[in-house]
Each structure stands twice: as structure tokens, then as C-alpha cells.
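Enquirer: what's the 3D shape of this:
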Amino acid sequence: MIYDLAIIGGGINGCAIARDAALNGLSVVLFEKDDLASHTSSASTKLIHGGLRYLEYYEFKLVREALMERERLLAQAPHLIHPLHFVLPHRNAVRPWWMVRLGLWLYDTIGGRISLPRSRSLKPSDTLYRAPLKEPGKGFVYSDCWVDDARLVVLNGLDAARHGADIRPHSRVERAQRTGDHWMLTLADGTTAEARALVNAAGPWVAQMLRQTGVESRSSVRLVKGSHIIVPRLFEGDHAYMLQQPDGRIVFAIAYQHGLTLVGTTDESVDAPEDAKITPTEIDYLCTAVNRYFTRQTAPADIVSTYSGVRPLYDDGEAEAKAVTRDYVLELDERKPPLLSVFGGKITTARYLAQEAVHRLASVMDWAVAPVTLAAKFPGGDLPGSYEDWLAEVCARWPFLGPERAERMARAYGSLLREMLADVRCEADLGQDFGGGLTQVEVDWLCQHEWARTPEDILMRRTKIGLTAPKAAEPLRAYLTTRA
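Expert: As a prediction, the model looks like this:
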């Protein structure tokens with residue numbers, strides 16, 4: 001079989017392109033050398049946002065596009081994506097108060113009609129927001145959204161597969177070469193695949209993959225590492241803080257699941273994708289960043305977990321990593337068979353990027369395509385009302401899950417829970433309990449439908465249960481061995 005389109009890279013961009021192409025009726029195969037979302041796309045700050053700080057760098061087009069996508073994603077994955085209030089204390093500010101207020105007004109309006117609350121000043125009555133701060137003076141409150149980034153990648157892949165795409169994690173492409181009117185891809189296991197067009201969405205490895213194809217790139221990639229720490233809760237509530245630092249950077253402190261706080265990110269230029277490891281210097285920087293603001297202090301010894309990702313940004317020549325554009329560049333080699341390479345991009349704008357990528361390929365391949373993902377729900381997103389209505393239904397239908405597990409699973413799977421728990425009538429039907437609320441029926445689902453293979457796939461990328469129940473890894477490993 002010769003596929004219409006082969007995609008190298010199972011991060012957010014690769015999976016979003018696979019989804020758009022498959023929904024357009026194209027035959028698609030996607031190869032990922034590791035698990036889906038196993039690198040950069042699971043190492044974000046978990047936000048669906050316009051990028052308030054990008055306004056400072058005059059990235060108006062990017063911010064507008066991202067804010068419009070934020071609205072679409074809220075409607076397409078209401079179970080996985082939810083609004084989040086951000087508190088922006090006016091300390092260490094590089095801009096005067098009036099200018100920040102003007103920037104927030106622009107943030108509220110540049111993307112057109114929005115459903116989230118508009119920004120406002122921090123009020124004396126905002127006791128929940130002010131209570132944890134050392135100096136609760138002037139500030140602002142604005143809105144963006146939270147997302148489980150790895151699960152969004154998987155949902156893109158799942159939707160693509162349900163529309164006929166062949167999604168192949170753990171399939172490394174060793175060589176890609178033009179052969180007549182198609183691409184010949186050779187995998188690490190010696191097997192081959194053929195396609196009429198190729199997308200290089202290898203993320204931090206995009207330049208390496210380009211060299212393998214023998215195509216000379218007109219663009220260059222800037223590898224920038226972002227690291228995060230997860231610490232015990234620094235404040236009460238389900239909101240977040242955007243903390244301006246004396247060096248002009250900002251650090252987020254976000255209420256995380258299991259009573260934790262997510263803190264990030266750093267911006268450090270690195271030489272290779274394999275440099276995605278947090279350093280003691282970054283840990284000290286992030287601890288100091290939050291200790292400037294919160295009464296409840298944190299130290300390296302308090303850290304529950306860390307993660308780092310290398311962002312493959314389009315190199316626009318900026319000297320400082322924090323100033324490098326977060327917009328994307330699609331580089332199309334139109335020679336038949338065509339090659340499209342993806343530089344940069346954000347979780348928020350992946351759907352739009354994918355739509356543009358497929359349309360650009362269609363222009364040289366004479367494919368008939370349409371913007372099919374503009375309103376298409378993600379798997380699990382067709383809720384019978386609001387998310388709160390869905391959660392109430394889950395709690396009533398499967399009361400033995402308990403409130404904490406019911407909310408976690410309602411968020412992660414949405415209406416897909418009806419398929420997963422179709423034969424579950426009581427707690428015993430959930431099967432083996434691995435700890436942390438993870439049971440056999442969920443593990444089987446993840447292996448059969450979401451390409452999970454290892455304890456890390458399940459505990460860190462599909463569920464995040466590993467953060468608070470690391471002991472689940474061993475019994476889970478034993479069970480996965482029996483399944484194999």
C-alpha cells in the first residue's frame with residue numbers, strides 16, 4: 001500500500017496533522033520513535049493560552065490566532081480543557097501599571113469574542129488570591145485555560161486512528177528517501193513504508209530528520225529547554241499565578257492535581273534534544289522565583305517531581321532564548337514527492353498549524369481538502385451538557401469510583417468513559433487495583449486504545465498517577481508483562 005501521507009513525529013504537531021489529514025479522507029501513517037507525546041509535547045506548562053507575554057515582543061498575529069484557537073478547543077474538548085484564573089501581582093514589573101492594564105485589555109479583545117471572564121484589577125476583597133502572597137499589593141486577574149498536554153496529543157492520535165490513520169508509536173524511521181513519485185521510509189526493524197507526501201514533524205529532531213532526507217533546509221531551528229518543578233501546594237484554590245521576575249522573565253505557579261503546585265518554566269538554549277534534563281541551577285531559579293512571592297516557602301528538598309522539554313523553535317536571530325518567536329514556520333519542498341517540515345509551534349495552535357500544513361500539501365498534490373477540524377469534537381468531547389453535568393452523571397452511574405477518581409477519569413476520558421466502563425457494574429468489575437486509583441479496566445483500555453506499553457506511558461503521560469503513587473509501577477509492570 002502507498003499512503004497519501006506519512007508523518008514522522010508523534011508529538012502534538014504530528015498527531016494534529018494526522019488528524020486533519022485523516023478527517024479529510026486521506027490515507028495516513030504516522031511514525032514515532034518512542035511513545036506519543038514522550039518528549040516536548042508532554043513537557044509544556046499545560047496551558048491553552050494566547051501568550052500574554054508575547055505581546056511584549058509584538059507577536060500580535062500569534063496571540064490573536066492562539067486566542068481564537070483557545071475558544072475552539074474549549075468547545076471541542078470541554079472535558080480535558082477548562083478555564084483557569086491567573087493572578088498577576090504587579091511586582092518586578094518591566095512595564096508601568098497602566099501599560100500592563102492596556103496589554104490585558106488588548107489580550108481580552110484581539111482574539112474577538114471570548115467566553116472567559118475579562119481581565120480586571122486585583123481587589124481588596126480577593127482574599128483567596130491575596131492570602132498566600134507576601135506583599136499582596138496591586139495586581140491583575142485574567143483568564144486562560146488548563147490542559148493535560150499529553151492527553152491532548154493522544155486524543156489527536158485517537159481521532160486520526162478512528163478515521164483510518166495508521167498510528168505507529170515505537171517505530172523509528174532510520175531513512176527517508178525519494179523513490180520515483182513517492183517516499184520510501186525504512187524503519188529500525190527493517191520494514192518499509194511508502195507515501196506520496198511526507199511531513200517532518202520530528203520536533204527537536206527536525207533538523208536531523210531533514211539531513212536524513214537529503215533536503216537542504218532554508219530554515220534553522222533553535223533548541224530551547226524549558227524545565228518545571230512540582231512541589232507541595234503553595235496556595236489554596238484552583239487558580240494560578242503569573243510571577244514577574246527581576247530579570248524580566250515570568251514564572252507560572254499553577255494549582256496542580258493531587259494537591260500540588262506546578263512551577264515553570266525556564267528558557268535555556270541547548271545544543272541537542274538529549275539535553276532535556278533539569279539542572280541544579282534551574283531548580284534554584286524556580287524555587288527562588290516563587291519564594292519571592294509566597295509566604296509558604298519551598299526548597300529543592302521539597303520537590304515531588306521535575307520535568308524538562310526541548311522546544312524546537314524557529315530561529316529568528318534573537319539573542320535571548322526568552323525572546324525567540326513561539327510562532328511556527330512550515331517549510332515546503334514542492335518537488336514531487338513533496339516534503340513539509342515543521343519548525344516551532346505551540347500546543348494551543350496545533351490544530352491551526354495542522355490545517356495549514358494539510359492545505360499547503362493539498363495545493364501541490366491536487367487533494368480536495370476542507371477545514372474539517374474547525375468544529376470537530378475530540379474523542380470524549382461530546383458531553384451531554386456542561387462538564388459539571390457530565391461529572392454528576394459519572395458520580396451517579398459509577399458511585400464506587402469515589403469523588404476523586406470520578407473527577408480524574410471524567411476529565412481524562414470524557415464521554416469515552418461509557419465505552420471503558422460499559423461492563424462495569426460494581427467495584428469488583430474494575431479488576432486488579434495497582435494503587436492510586438488505577439485499576440485493570442483502565443489499564444486495559446489504555447493498552448488497547450491509546451497505544452500504552454510501559455508503566456511510564458500509563459503513570460506519567462496518560463494519567464499522572466505516578467506523581468503520588470510511584471509504588472504502582474512495579475505491580476503494573478508485572479501485569480503488563482503478562483499482557484504482552
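Enquirer: going by C-alpha atoms from here, please, whenever you check contacts or count neighbours.
Expert: OK.
Enquirer: so where's the protein shaky on pLDDT?
Expert: Where the chain drops to pLDDT under 70, the residues are 219, 316-326.
Enquirer: ranges for the helices of it?
Expert: Secondary structure of the chain (DSSP state H): helices at 12-23, 60-76, 97-109, 127-130, 149-162, 206-213, 280-291, 350-365, 387-397, 403-413, 417-420, 440-449, 455-456, 473-483.
Enquirer: tabulate these (CSV), appending mean neighbour count and distance to residue 35.
Expert: Shown next, in CSV, are those (neighbours: other C-alpha atoms under 10 Å; distance: least, C-alpha to C-alpha, whole Å):
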stretch, mean neighbour count, distance to residue 35
helix 12-23, 30, 12
helix 60-76, 21, 24
helix 97-109, 16, 35
helix 127-130, 17, 38
helix 149-162, 24, 10
helix 206-213, 16, 17
helix 280-291, 17, 26
helix 350-365, 20, 19
helix 387-397, 16, 29
helix 403-413, 19, 18
helix 417-420, 14, 21
helix 440-449, 17, 12
helix 455-456, 20, 10
helix 473-483, 14, 16
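Enquirer: tell me which of the ones you listed sits nearest to residue 139.
Expert: Nearest of those to residue 139, taken as C-alpha to C-alpha: helix 97-109 at 8.5 Å.
Enquirer: quick check: which helices or strands does that closest one pack against?
Expert: The helices and strands touching helix 97-109, judged by 3 or more C-alpha pairs under 8 Å, 6 or more residues apart in numbering; DSSP states H and E, number zero.
Enquirer: go again with 10 Å.
Expert: Helix 97-109 is packed against helix 60-76, strand 120-121, strand 139-147, with contacts defined by 3 or more C-alpha pairs under 10 Å, 6 or more residues apart in numbering; DSSP states H and E.
Enquirer: right, and these - which one's nearest residue 426?
Expert: With C-alpha to C-alpha as the measure, strand 139-147 is the member of the helices and strands packed on helix 97-109 nearest residue 426 (30.2 Å).
Enquirer: the closest one to helix 60-76, inter-axis angle?
Expert: Taking axes from the mean of the first three to the mean of the last three C-alpha atoms, to 10 degrees, strand 139-147 and helix 60-76 form an angle of 60 degrees between their directions.
Enquirer: what's the closest of the helices of the chain to residue 191?
Expert: The nearest among those, by C-alpha to C-alpha, is helix 206-213 at 17.0 Å.
Enquirer: show me what the closest one is packed up against.
Expert: Against helix 206-213 (3+ C-alpha pairs under 10 Å, 6+ apart) you get strand 173-179, strand 192-200, strand 339-343.
Enquirer: any chance of a markdown table for the helices of the chain, columns distance to residue 225?
Expert: What follows is the helices of the chain, written out as a markdown table (distance: least, C-alpha to C-alpha, whole Å):
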| stretch | distance to residue 225 |
| --- | --- |
| helix 12-23 | 17 |
| helix 60-76 | 21 |
| helix 97-109 | 26 |
| helix 127-130 | 30 |
| helix 149-162 | 17 |
| helix 206-213 | 16 |
| helix 280-291 | 10 |
| helix 350-365 | 19 |
| helix 387-397 | 34 |
| helix 403-413 | 27 |
| helix 417-420 | 36 |
| helix 440-449 | 29 |
| helix 455-456 | 21 |
| helix 473-483 | 28 |
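Enquirer: quick revisit: among the helices and strands packed on helix 206-213, which is the most enclosed?
Expert: Ranked by mean neighbour count under mean count of other C-alpha atoms under 10 Å, the helices and strands packed on helix 206-213 are led by strand 339-343, which reaches a mean of 25.
Enquirer: tell me the strands beside it, with direction?
Expert: If you go by DSSP bridges, strand 339-343 pairs up with strand 192-200 (parallel), strand 329-333 (antiparallel).
Enquirer: for residue 25, find the nearest of the ones you listed.
Expert: Across the strands paired with strand 339-343, closest to residue 25 is strand 192-200 (C-alpha to C-alpha), at 14.6 Å.
Enquirer: can you name the residues that contact residue 340?
Expert: 7, 197-201, 210, 330-334, 357-358, 360-361 (C-alpha atoms under 10 Å, 6 or more residues apart in numbering).
Enquirer: could you redo the last one with a cut-off of 6 Å?
Expert: 199, 331, 332 (C-alpha atoms under 6 Å, 6 or more residues apart in numbering).
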